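Asks: Build me a structure from this.
(one chain, ligands or ions: 1)
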Amino acid sequence: MAEFTDDVKDLIQYHIEEEHGYLSWLGVSVEEFTEETITMTVPYDEKLTNTTSPPTMHGGVAATLADTAGGIALRPSLADPVNGGVATINLNVNYLQRASGDLTARAEVVRAGNSVGVSEIYVESETPDGAVEPVAVVTGAYRLFQD
Ligand SMILES: CC(C)(COP(=O)(O)OP(=O)(O)OC[C@H]1O[C@@H](n2cnc3c(N)ncnc32)[C@H](O)[C@@H]1OP(=O)(O)O)[C@@H](O)C(=O)NCCC(=O)NCCSC(=O)Cc1ccccc1
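Replies: Numbering: from 1, shown residues only. Below you'll find the model as predicted:
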C-alpha cells in the first residue's frame with residue numbers, strides 16, 4: 001500500500017498542477033498521503049485574503065482545501081482507487097479562528113462504506129497573534145463510486 005500511496009500522491013499532484021485550473025490557481029499541494037490520511041496545503045497569498053487588518057484568508061479557501069483533502073483521503077478505500085470516483089454530498093465547516101498564513105489540512109477517514117464515506121478534516125494556520133493553531137474543523141460526507 002505504501003507504493004500505492006506514493007504513486008497516487010504523485011498522480012494527485014500532477015493532476016492538480018496540470019489538469020485542475022482551480023486547485024492549481026490556489027497553489028494546492030499534497031504533503032503526505034497514507035492509507036487513511038492525507039495532508040494538503042495552500043500557501044498564503046494576498047489574492048486569497050479578506051480586506052481585514054491584518055489580512056486573513058477567505059474561509060472558502062479553507063473549505064475548498066478541506067473538501068478536497070477529505071475526498072482524496074477516501075480514495076484508498078475504493079475498489080479502484082485511481083479510476084473510481086468521489087463526490088461531496090455534505091460539508092460542515094466550523095471556523096474556529098481567523099487564518100493569517102499558509103493553510104494545512106489533515107484529513108482522516110472516519111468511515112468508508114460501499115457507497116458513502118465520511119472524513120474529518122482539521123485545518124491549521126498562523127493566526128493574527130502569530131501562533132499556529134487549528135482554524136477550522138470540518139466533516140465531509142462523500143458518495144463513493146467504487147470503480
Ligand atoms: C451522486 C449523488 C451524491 C447522489 O445521487 P443519486 O441520485 O443517489 O445517484 P447515484 O448514487 O446512483 O449516483 C449516480 C449519479 O452520480 C453522478 N456521478 C457519477 N460519478 C460522479 C462523480 N465522480 N462526481 C459527481 N457525480 C458523479 C452521475 O452523474 C449519476 O447521475 P445520473 O444517474 O447520471 O443522473 C448526487 O446527489 C450528486 O451527484 N450530487 C452532486 C455531487 C457534487 O457535484 N458535489 C460537488 C462536486 S465534488 C467537488 O467539487 C470537490 C471534490 C473533488 C474531488 C474530490 C473530492 C471533493
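Asks: show me what contacts Pro128?
Replies: Contacts were defined as Cβ atoms under 8 Å, 6 or more residues apart in numbering; by that measure Pro128 touches Pro54, Thr56, Arg98, Ser100. Heads up, the C-betas are built off the backbone N, CA and C, glycines and all.
Asks: is the ligand contacted by the longest helix along the chain?
Replies: Longest helix in the chain by number of residues, with DSSP state H as the criterion: helix 59-73. Yes. Figure legend: helix 59-73 in contact with the ligand (Cβ under 6 Å from any ligand atom); contacting residues Asp67, Thr68, Gly71, Ile72.
Asks: Render the CA-only coordinates of that helix in CSV, please.
Replies: Once non-C-alpha atoms are left out, helix 59-73 reads as follows in CSV (Å, rounded to 0.1, in the frame of the first residue of the first chain):
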residue,chain,number,x,y,z
GLY,A,59,-12.9,30.9,4.6
GLY,A,60,-13.8,29.5,1.2
VAL,A,61,-10.2,28.6,0.6
ALA,A,62,-10.1,26.5,3.8
ALA,A,63,-13.4,24.9,2.9
THR,A,64,-12.0,24.0,-0.6
LEU,A,65,-8.9,22.6,0.9
ALA,A,66,-10.8,20.6,3.5
ASP,A,67,-13.3,19.3,0.9
THR,A,68,-10.6,18.2,-1.4
ALA,A,69,-8.5,16.5,1.3
GLY,A,70,-11.5,14.8,2.8
GLY,A,71,-12.5,13.3,-0.6
ILE,A,72,-9.0,12.2,-1.6
ALA,A,73,-8.4,10.6,1.9
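Asks: I am finished for the moment; much appreciated.
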